[in-house]
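Asker: Sharing a model that was predicted from the sequence below.
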Amino acid sequence: MSSITKLFPLGCVYMTSGVDSVCHQHPSFFQFIAECLTSHCSGDFGTLCHSDIATNQVAIQHGGRVFSSYAIPSEIDSCGDKLWVITESDRSSTTVLFPGEY
């Protein structure tokens, strides 16, 4: 089994009420969130442009908020097409949310 390198701590992990609701409707969505969190802290920021990735890399090295955006699998319907993961600059917390909940 390969090990995953965590580039930064997630702190306490929170999800919005909208994300929580979809987890109850689609149990597989919770697994998708877990995969996104693993990707997020290991430097796979999902579907970001190059400048946003560069901003994240600076934030990891020098402090700052880290942002990721992941495409939601089409089999999980009624929740939009993107999921955002945001870790605060002090690494105290990470929030999982839909863009419309920002």
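Answerer: Received, thanks.

Asker: ok, now which ones touch residue 53?
Answerer: Counting by CB atoms under 8 Å, 6 or more residues apart in numbering, residue 53 makes contact with residue 45. Using the backbone N, CA and C atoms, a C-beta is placed for each residue, glycine as well.

Asker: Next SSE downstream of the helix or strand harbouring it?
Answerer: Residue 53 is located in helix 50-62, with elements delineated by DSSP states H and E. Next helix or strand after helix 50-62 toward the C-terminus (DSSP H and E): strand 66-71.

Asker: Output the contacting helices and strands for that next one.
Answerer: Counting contacts by 3 or more CB pairs under 8 Å, 6 or more residues apart in numbering; DSSP states H and E, strand 66-71 is packed against helix 27-41, helix 50-62, strand 82-87.

Asker: could you check the angle helix 50-62 makes with the longest one?
Answerer: Right, helix 27-41. Inter-element angle recorded for helix 27-41 and helix 50-62: 70 degrees (by axes from the mean of the first three to the mean of the last three CA atoms, to 10 degrees).

Asker: mean confidence score for the helix holding residue 53?
Answerer: When pLDDT is averaged along helix 50-62, the result is 97.

Asker: Next, the angle strand 66-71 makes with that helix.
Answerer: 140 degrees.

Asker: Show me what counts as buried in helix 50-62.
Answerer: For helix 50-62, the neighbour count (16 or more other CB atoms under 10 Å) marks 55-56, 59-60 as buried.
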